[in-house]
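Asker: based on what follows, work out the 3D shape:
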Amino acid sequence: MKVSPLNVLVIFYSCCGETEKLALSAAVGAVQARASIRMRRLTDAGEDVAECRDTLARMRREYVPPTAADGLCADAVIIGMKGSVAGVVKDPASATAFGREMATATRKIKEQSPIGAT
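Answerer: Next up is the predicted model:
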């Protein structure tokens, strides 16, 4: 019996590279478990941190933001963030609620999509 690999979507928000390293670690773990991965960086709000300019410029070039199609093909989603993202999440309880909201929204989209319905 051949098992299809899982598709893991890793979404992160990082300006200086610290959260990017955590997201990369999560992605490596997924690959070690034989999953296919997609790395996506949430678009920043134009931050300009002097000591992070080079890292931020690199990440803006190397990563694209997540799309609905990414969510449709994902069997699992890992979200990496530090502090708040656009003022949405600031503490562990809010992060958990945010993750649940995203999971529920993604599930609804998958149920309505011909791609997600199997």
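
Asker: residue contacts, Tyr63?
Answerer: By CB atoms under 8 Å, 6 or more residues apart in numbering, the residues touching Tyr63 are Met39, Arg40, Arg41. C-betas here are computed from N, CA, C, even on glycine.

Asker: those helices in this structure, which residues are they?
Answerer: Using DSSP state H, the helices assigned to the chain run over residues 18-32, 53-62, 68-73, 92-112.

Asker: format the ones you listed as a markdown table; extra columns: mean neighbour count and mean pLDDT.
Answerer: Below are these laid out as a markdown table (neighbours: other CB atoms under 10 Å; pLDDT from 0 to 100):
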| stretch | mean neighbour count | mean pLDDT |
| --- | --- | --- |
| helix 18-32 | 16 | 94 |
| helix 53-62 | 13 | 94 |
| helix 68-73 | 15 | 86 |
| helix 92-112 | 12 | 76 |
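
Asker: quick one: closest of these to Val8.
Answerer: Proximity to Val8 (CB to CB) singles out helix 18-32 among the helices of the chain, at 4.2 Å.

Asker: packing partners of the closest one?
Answerer: strand 7-12, strand 36-41, strand 76-80 (3 or more CB pairs under 8 Å, 6 or more residues apart in numbering; DSSP states H and E).

Asker: now the angle from that helix to helix 53-62?
Answerer: 40 degrees (axes from the mean of the first three to the mean of the last three CA atoms, to 10 degrees).

Asker: tell me the angle helix 18-32 makes with strand 36-41.
Answerer: Going by the same axes, to 10 degrees, helix 18-32 makes 170 degrees with strand 36-41.
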